[in-house]
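structure for this input, please:
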Amino acid sequence: MCLAIPALITSIEDKEAEAEIGGISRRISLWLTPEARVGDYVLVHTGYAINVLDQEQAKETLQILREIAEGVEG
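Sure, this is the predicted structure:
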């Protein structure tokens, strides 16, 4: 099973971006989503942005992931 998670693009340089995922900054590839811009949420899988997400959809998904993590921790 694979998992892709939403990340917020904070800067772009060529075909790579800095993206914030849960307060952690990661370098990701934009080769599959050249339309992505700073401020966009993208779906990230294995270091690649595979889709640009609607902001509300991304926030809802992040909230669900937080709830799952809290359930596992508790």
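
and the top strand by length along the chain, what does it pack onto?
Identified as the longest strand of the chain according to DSSP state E is strand 5-13. Counting contacts by 3 or more CB pairs under 8 Å, 6 or more residues apart in numbering; DSSP states H and E, strand 5-13 is packed against strand 16-21, strand 24-29, strand 41-45, strand 48-53, helix 55-73. Glycine gets a C-beta too; all of them are placed from N, C-alpha and C.

just say which of those is most tucked in.
Ranked by mean neighbour count, the helices and strands packed on strand 5-13 are led by strand 41-45 with a mean of 21 (mean count of other CB atoms under 10 Å).

quick one: contacts for Ile28?
Residues in contact with Ile28 (CB atoms under 8 Å, 6 or more residues apart in numbering) are 7, 16-19, 42, 44, 47-49.

closest one of those residues to Leu32?
Nearest to Leu32 among the contacts of Ile28 is Tyr48, at 5.5 Å by CB to CB.
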